[in-house]
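A.B. asks: Mind folding the following:
(one chain, ligands or ions: 1)
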Amino acid sequence: MDVLLNNFDGLFLANLQPGDYVGFTFFIGSMAMAAATVFFFVQMSQVSGKWKDSMLVSGLITFIAAVHYYYMRDFWAENQMSPTEFRYIDWILTVPLMCVEFYLILRAFGAKASLLWKMIFYSLLMLVAGYLGETVFRDQSPLWGFISTIGYVMIAYEVWFGSAKQLASGSNDPVLQKAFSTLGWFIFAGWAIYPIGYMTIETGWLAGMIPGNAMDIIYNIGDAVNKIGFGLVIYTLAISKTQHA
Ligand SMILES: *C/C=C(C)/C=C/C=C(C)/C=C/C1=C(C)CCCC1(C)C
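C.D. replies: Numbers count the residues shown, from 1 in each chain. From the prediction side, this is the model:
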């Protein structure tokens with residue numbers, strides 16, 4: 001009977017214990033991402049033409065995150081350890097999709113696929129280096145964090161000063177420019193939340209100043225701000241373009 005129950009036990013999700021704040025942020029994350037997904041998919045029918053693609057991508061970003069948060073919550077509850085692999089698989093899917101959002105809104109103003117691939121390349125550099133710094137080369141996490149930051153800075157440069165910025169400026173479309181610059185702020189300030197989390201690992205520059213298990217809380221806040229926030233900016237843009245088209 002015991003054996004049976006023990007095996008049976010394995011079929012269920014691990015429970016969060018009272019006081020497990022990190023675990024609860026995973027739980028809240030999965031709910032928030034799921035709710036945002038429903039919202040973005042439902043609103044797809046309210047926007048016109050090409051804006052449906054943008055809304056679809058917003059919904060896919062939060063959907064992929066919702067599924068990963070479901071697994072991350074379980075992994076955390078079971079092991080009280082960072083679900084690093086789930087985390088980076090989520091990011092490696094969703095960050096390129098955020099690059100796709102930029103491409104989609106700039107396409108009408110001449111964005112080429114090369115801009116998209118450039119941004120995706122920078123994001124892969126950023127994420128692969130971050131992953132290596134958190135896992136295989138944890139002893140040299142500052143070095144890998146630095147390499148990762150190069151990818152991050154290149155993306156920010158592209159959006160603030162590079163060809164993406166020039167396309168937005170040349171659009172002569174104040175509504176689009178406003179949304180574009182808000183997305184730029186998400187990259188500059190919202191994405192900057194992540195390196196703070198990374199620096200809390202034991203070899204990081206903030207080790208000891210912020211408790212070690214703060215990393216997942218910081219990443220979870222970053223994801224909520226950036227994935228849902230980004231989607232809402234796109235939604236606002238799509239709705240106003242639909243009404244004033
Ligand atoms: C939805 C997920 C998003 C927007 C994830 C973004 C992740 C980053 C901007 C991560 C950046 C990192 C650095 C700039 C240096 C240290 C390592 C990372 C990967 C945490």
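A.B. asks: P142 in helix, strand or coil?
C.D. replies: Following DSSP: H, G, I helix; E, B strand; the rest coil, we place P142 in the helix state.
A.B. asks: tell me which parts of the protein are close to the ligand?
C.D. replies: Counting by CB under 6 Å from any ligand atom, the chain comes close to the ligand at 91, 94-95, 126-127, 130, 145, 148-149, 152, 191, 194-195, 198, 223, 226-227. For glycine as for every other residue, the C-beta is placed from the backbone atoms N, C-alpha and C.
A.B. asks: Inside helices: which ones of the residues you listed?
C.D. replies: 91, 94-95, 126-127, 130, 145, 148-149, 152, 194-195, 198, 223 (DSSP state H).
A.B. asks: still on that earlier bit, put the buried members of the residues of the chain next to the ligand into a PyMOL selection.
C.D. replies: Buried residues within the residues of the chain next to the ligand, by 16 or more other CB atoms under 10 Å, are selected in PyMOL with:
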select buried, resi 91+94+95+126+127+130+145+148+149+152+191+194+195+198+223+226+227
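A.B. asks: hang on, the earlier thing: from the ones in helices among the residues of the chain next to the ligand, which two are the most distant?
C.D. replies: Across those, no pair lies farther apart than T94 and G145, at 20.2 Å, counting by CB to CB.
A.B. asks: Name the nearest residue to G229, sequence neighbours excluded.
C.D. replies: With CB to CB, 6 or more residues apart in numbering as the criterion, G229 has its nearest non-adjacent residue at 5.9 Å, and that residue is F186.
A.B. asks: Spell out the secondary structure type for the residue lying closest to Y131 once chain neighbours are set aside.
C.D. replies: Excluding the flanking residues, the one nearest Y131 by CB to CB, 6+ apart is Y88, at 4.6 Å. What three-state DSSP gives for Y88 is helix.
A.B. asks: Rounded mean pLDDT for the strand or helix carrying I64, please.
C.D. replies: Following DSSP states H and E, the helix or strand that holds I64 is helix 51-79. Averaged across helix 51-79, pLDDT comes to 97.
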